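Peer 1: coords please:
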Amino acid sequence: MGDRDANEWGIVFEGFGMNGGVSVVICCHNGAKRLPETLRHLAAQQVPEGLPWEIVLIDNASTDDTAETALHYWPSVAPAPLRVVSEPLAGLSPARSRGIREARHEIISFVDDDNWVGPDWIASVADFFQRHAEASAVGGPSRAAFEATPPTWFSSVSGFYAIGDQHAFAGDITNEQGTLLW
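Peer 2: Numbers count the residues shown, from 1 in each chain. Predicted coordinates for the structure are as follows:
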């Protein structure tokens, strides 16, 4: 994906190729208010020594202080580099495409600007792909954090918000009808 390899950091995470590691791509359009907590969770990652990773924030035609907020809230002594890249063409598809082009590592993980990932997110993603080289995509359950009590109808539509369990079973869903991946 990129032109840098794991040796640039003087390390190689065993099991990964030349561009081994994880690129976390965050696509943001006017995400300044949501970003601080998302970045706090990413900065708290417990990553195995020798596993390179980065944050690539795509500022997708924002008219607020998205880029400045990201740079302000990413710790000065950060566990990984943060790059902010401007994508002037509005929309999730152009933003994700730009994120893929900008990623410097073999594994690309999309995290929304309102997602709070667990402290083992990067390690889990890297471990999964190291153990399952045949996989091309992976998803998992997503839980909501509400600022107020959600309306009673919310549980019936939570799947439209990529909240909840994705499937009744774990494993290959390639040929399962009606499956989603988030």
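Peer 1: Return the residues in contact with the nearest residue to E87 once chain neighbours are set aside.
Peer 2: In this structure, E87 finds its nearest non-sequential neighbour in R98, 4.3 Å apart by CB to CB, 6 or more residues apart in numbering. In short, each C-beta sits where N, CA and C put it, glycine included. Applying CB atoms under 8 Å, 6 or more residues apart in numbering to R98 gives the contacts I58, V85, E87.
Peer 1: Return the residues in contact with the last one.
Peer 2: Under the criterion of CB under 8 Å, 6+ apart, the contact partners of E87 comprise I58, D59, N60, A61, P94, A95, R98.
Peer 1: Check the residue lying farthest from the centre of the chain and give its pLDDT.
Peer 2: Within the chain, T152 marks the point farthest from the mean C-alpha position, 29.8 Å out by CA atoms, centre = their mean. Model confidence at T152, given as pLDDT, is 91.
Peer 1: A helix includes it, no?
Peer 2: No. Assigned with DSSP: H, G, I helix; E, B strand; the rest coil, T152 falls outside any helix and is coil.
Peer 1: coming back round to it: can you tell me which of the contacts of E87 has the most neighbours?
Peer 2: Neighbour tally across the contacts of E87 (other CB atoms under 10 Å): the maximum, 28 neighbours, falls on I58.
Peer 1: Kindly indicate whether it is helix, strand or coil.
Peer 2: With three-state DSSP as the basis, I58 sits in strand.
Peer 1: That one touches R101, doesn't it?
Peer 2: No. Taking contacts as CB atoms under 8 Å, I58 lies outside contact range of R101: 9.9 Å.
Peer 1: TSV please, covering the contacts of E87 and showing pLDDT and distance to F129.
Peer 2: As requested, these are arranged in TSV below (pLDDT from 0 to 100; distance: CB to CB, whole Å):
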residue	pLDDT	distance to F129
I58	98	22
D59	98	27
N60	97	26
A61	97	31
P94	97	26
A95	97	23
R98	97	22
